[in-house]
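Enquirer: Here is the input, now give the coordinates:
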Amino acid sequence: MLCLSVLALLFLGFSAPTNEISQSGSGIAVVELFTSQGCSSCPAADRNLSQIINEGGDNEIYGLSFHVSYWNYLGWKDPYSKVEFTERQRNYAASFQNSNVYTPQMVVNGTREFVGSNKSASEKIIADELNKAPKHEILIEAELVENKISLEYSVTGDRDNYVLNIALVERDVTTKVPRGENRNKILHHDNVVREFISKPISVKSEHHFILPNDFNLSKGSVIAYVQNRQTMEITGVEALKF
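Expert: Next up, the predicted model:
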């Protein structure tokens with residue numbers, strides 16, 4: 001490894017800077033950042049992802065922040081890290097034929113990877129991916145019952161060799177880190193993945209997430225995206241904001 005409520009049906013497109021990324025395309029860009037609060041190189045990539053998510057425009061850009069577990073031994077355990085997120089990154093490493101995993105790493109649409117703090121690379125690659133038409137359409141509805149989010153969804157498109165990834169994410173997360181490489185820093189993250197599941201595609205189905213005890217529902221969203229199990233290409237995405 002290297003260190004470099006009520007029924008909600010609101011479809012949300014996370015956008016990147018209008019003056020940097022062409023809006024002529026009709027495609028999608030799912031931007032996955034593999035990061036860690038224990039990595040000194042990661043805060044710049046966290047800021048880059050926040051800009052990609054929050055700045056204006058009409059592009060269909062969706063960001064997710066996956067916190068990996070392999071930096072937890074350096075004096076600070078990232079409270080948002082999960083071993084399964086590390087495994088997801090390792091699956092990408094195998095797909096890219098990389099010998100190591102590293103942070104911060106960005107992966108766009110499952111097929112393009114680069115150092116997550118590289119703003120110029122993110123702008124160019126996202127713009128390229130927005131010119132590729134999606135192959136799947138997803139519709140999602142969500143209902144809050146006590147501490148559980150119940151999702152109903154439908155997927156249009158080819159189902160062979162594809163899975164549906166569903167992520168429960170939280171925006172505007174701030175942590176003061178007392179130890180480790182980012183000691184005494186206040187770190188900010190957007191679209192932190194709190195819960196994640198991959199499942200075979202069915203035309204219509206449902207899923208339930210138990211909300212983490214510290215989850216801020218007013219800052220919550222669900223992002224669902226279709227991915228090819230063999231090529232790792234992401235071919236459809238939709239999101240709803242609570």
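
Enquirer: how about the nearest residue to residue 68 once chain neighbours are set aside, secondary structure?
Expert: Across the structure, with CB to CB, 6 or more residues apart in numbering as the measure, the residue nearest residue 68 apart from its sequence neighbours is residue 86 (4.5 Å). The C-beta positions use only the backbone N, C-alpha and C, and glycine is treated the same way. When states are read from DSSP: H, G, I helix; E, B strand; the rest coil, the local structure at residue 86 comes out as helix.

Enquirer: What separation do you get for residue 86 and residue 213?
Expert: Here residue 86 is placed at a distance of 23 Å from residue 213 (CB to CB, to the nearest Å).

Enquirer: Neighbour count for these two, which is higher?
Expert: More neighbours surround residue 86 than the other of residue 86 and residue 213, with 21 against 6 (other CB atoms under 10 Å).

Enquirer: separation between the more buried one and residue 142?
Expert: Taken as CB to CB, the span from residue 86 to residue 142 is 28 Å.

Enquirer: swap in residue 220?
Expert: With distances defined as CB to CB, the gap from residue 220 to residue 142 amounts to 10 Å.

Enquirer: and for these two, which residues touch both?
Expert: With CB atoms under 8 Å, 6 or more residues apart in numbering applied, the overlap between the contact sets of residue 220 and residue 142 consists of residue 242.

Enquirer: can you pull the pLDDT of the residue nearest to the spatial centre of the chain?
Expert: Geometric centre of the chain, nearest residue: residue 64, 1.8 Å, by CA atoms, centre = their mean. Per-residue pLDDT puts residue 64 at 98.

Enquirer: repeat for residue 242
Expert: Here the pLDDT value assigned to residue 242 is 87.

Enquirer: and what of residue 146?
Expert: We have a pLDDT of 85 for residue 146.

Enquirer: thinking again about what came up before, just to be sure, the residue nearest to the centre of the chain is in a strand?
Expert: Yes - according to three-state DSSP, residue 64 belongs to a strand.

Enquirer: In contact with the residue nearest to residue 111 when sequence neighbours are not counted, which residues?
Expert: Sequence neighbours aside, residue 233 is the residue nearest to residue 111 in space, at 5.3 Å (criterion: CB to CB, 6+ apart). If you count contacts by CB under 8 Å, 6+ apart, residue 233 has them with 109, 110, 111, 227.

Enquirer: Just flag the most distant two among the residues you listed.
Expert: Comparing all pairs in the contacts of residue 233 by CB to CB, the longest separation belongs to 111 and 227, at 10.1 Å.

Enquirer: Helices of the chain, start to end?
Expert: 42-54, 83-96, 119-129 (DSSP state H).

Enquirer: Can you report how many residues neighbour the residue lying closest to residue 66 once chain neighbours are set aside?
Expert: Closest residue to residue 66 apart from its sequence neighbours, by CB to CB, 6+ apart: residue 85 at 4.2 Å. Using other CB under 10 Å as the criterion, residue 85 is surrounded by 23 other residues.

Enquirer: try the one 10 residues further on
Expert: Residue 95: 16 surrounding residues under other CB under 10 Å.

Enquirer: where in this protein is pLDDT low?
Expert: Under the criterion of pLDDT under 70, the regions of the chain flagged as low confidence span 1-25, 56-57.

Enquirer: Fine by me, we can end here.
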